[in-house]
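Student: this one's sequence-less:
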């Protein structure tokens, strides 16, 4: 086996600090390993840490299974989860190479500010502040940020520029960037900033991303056939409609009501009089069973644990093989391996677990419900489309019209996060 052309080009360029902002399935892990030198620290989400993705990739490269001209692989590797790094960064030893997988999860900077020691600073996550402090302390020679969704928000891009040493990151730079890429919303009593959505600003942000690193999706490197996207509009049953009408009396706060309605639209009962995990009969279940009759291998994403269990139970009772993966699943590597072995299977997975695994032989993906995050949705699409098995896939969204479900669908279609506060107050 050889490197793909785009992987070989990045390896030859051998840049010391750069973003690997390549699309899902394009082999960012392999590229980062090939660029790493000597003592290497790799930061990653907990799921990737538990699954051992990076260790397997380094072992594959070290074994000689992948042929490339020069063999500069890290001599000493330490893997850490984001949160463990956040806790221990002040006492960690230095490194020659720092790699951050799913880097958008460490670049949490908002357009708001806060006070620290009477100084105004960006309001940012503890993870980002830990990452910046560590880099300033140990000064690694090489830094690689790996993510297919660097433009999660404009300030994620700004944070990447600071980490890679391409922006000063001071308050003057912060305010200049905010003025360029955000607009202030007329919300009484608080400061709310929203990304500008005009095409000129989006093009400017895209150019900035390209200046910070390598970009490109699978279709830029391979002959990817057109993918099929389908939306099935789902009707609420009488029980769901009745429960939604009761919400204003029980939940007078509009923003709370948005989330409660979304649960009901997806068959999950809410309210003190119901046991946790109780579910409605739901037309979405019927649709999934119809597709299971047609397609022997499917991935089904759902946001709520109760909904996942409801889907899995219905699929099993209908006589289909089913494997479930939620946030409580410990042996994810074994679960994914078993799902890949099966030639007939419905794989039901929590929508928040959308990275760090692959089922390249599965040609159908159903979104029974989705999180409010575009990153989760975008990452999910790549679980069945990989560089090692480019194919035509069918993606199906099950959407209830006229409520939160449809509002989430519209936001994600525009490549934006769903903002429940703005939606509740609109």
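Tutor: Happy to help now that I have it. Remember, it's a predicted structure, so these values are computed and weren't measured experimentally.
Student: what residues of the helix or strand of the chain with the lowest mean pLDDT count as buried?
Tutor: When each helix and strand of the chain is scored by mean pLDDT, DSSP states H and E, helix 218-221 comes last, with a mean of 72. Neighbour counts using 16 or more other Cβ atoms under 10 Å place 218, 221 of helix 218-221 among the buried residues. C-beta here means a position set from N, CA and C on the backbone, and glycine is covered the same way.
Student: buried sites along stretch 325-337?
Tutor: Quick answer for stretch 325-337 (16+ other Cβ under 10 Å): 325, 326, 329, 332, 335, 336.
Student: which ones are touching the second one?
Tutor: It stands for residue 326. With contact set as Cβ atoms under 8 Å, 6 or more residues apart in numbering, residue 326 has these partners: 305, 308, 349, 350, 353.
Student: what is the burial count for residue 62?
Tutor: Neighbour count of residue 62, defined by other Cβ atoms under 10 Å: 13.
Student: hmm, residue 73 and it touching each other?
Tutor: Yes: taking Cβ atoms under 8 Å as the definition, residue 62 is a contact partner of residue 73 at 6.2 Å.
Student: ok, now how distant is residue 358 from residue 372?
Tutor: Separation of residue 358 from residue 372 (Cβ to Cβ, to the nearest Å): 24 Å.
Student: and for residue 214?
Tutor: The gap separating residue 214 from residue 372 is 29 Å, by Cβ to Cβ.
Student: now residue 57: closest residue in space, sequence neighbours ignored.
Tutor: Leaving aside its chain neighbours, residue 57 sits nearest to residue 29 (4.9 Å; criterion: Cβ to Cβ, 6 or more residues apart in numbering).
Student: which strand or helix spans the closest residue to residue 340 other than its chain neighbours?
Tutor: Spatial nearest neighbour of residue 340, chain neighbours left out: residue 359 (6.1 Å); criterion: Cβ to Cβ, 6+ apart. Applying DSSP states H and E as the criterion places residue 359 outside every helix and strand.
Student: circling back: quick one, which of residue 214 and residue 372 is more surrounded?
Tutor: A side-by-side neighbour count of residue 214 and residue 372, using other Cβ under 10 Å, places residue 372 first with 22 against 19.
Student: name the nearest residue to the more buried one, sequence neighbours excluded.
Tutor: Nearest non-adjacent residue to residue 372, counting by Cβ to Cβ, 6+ apart: residue 418, 3.9 Å away.
Student: which residues pair with the residue nearest to residue 164 when sequence neighbours are not counted across the strands?
Tutor: Excluding its sequence neighbours, the residue lying closest to residue 164 (Cβ to Cβ, 6+ apart) is residue 17, at 4.9 Å. On the basis of DSSP bridges, residue 17 is bridged to residue 143.
Student: ok, residue 17 - contacts?
Tutor: 142, 143, 144, 164, 165.
Student: quick one: which of those residues is the most crowded by neighbours?
Tutor: Sorting the contacts of residue 17 by how many neighbours each has (other Cβ under 10 Å) puts residue 144 first, at 28 neighbours.
Student: surely that one meets residue 32?
Tutor: Yes: assessed by Cβ under 8 Å, residue 144 is found in contact with residue 32 at 4.8 Å.
Student: rewinding a little: quick check: the residue nearest to residue 372 vs residue 412, distance?
Tutor: Taking Cβ to Cβ, one finds residue 418 at 7 Å from residue 412.
Student: and what of residue 250?
Tutor: Between residue 250 and residue 412 the computed distance is 28 Å (Cβ to Cβ).
Student: pretty sure the residue nearest to residue 372 belongs to a helix, no?
Tutor: No: residue state for residue 418 (DSSP: H, G, I helix; E, B strand; the rest coil) corresponds to coil; a helix is not indicated.
Student: tell me where the model's unsure across the stretch 51-200 of the chain.
Tutor: Scanning the stretch 51-200 of the chain for pLDDT under 70 picks out 68-71.
Student: for it, which segments are assigned as strands?
Tutor: 76-81, 97-101, 109-116, 119-124, 142-146, 182-185, 192-195 (DSSP state E, counting those that start in this stretch).
Student: of all those, which one comes closest to residue 224?
Tutor: Ranking the strands of the stretch 51-200 of the chain by proximity to residue 224 (Cβ to Cβ) places strand 142-146 first, at 20.8 Å.
Student: what angle separates that closest one from strand 97-101?
Tutor: 10 degrees (axes from the mean of the first three to the mean of the last three Cα atoms, to 10 degrees).
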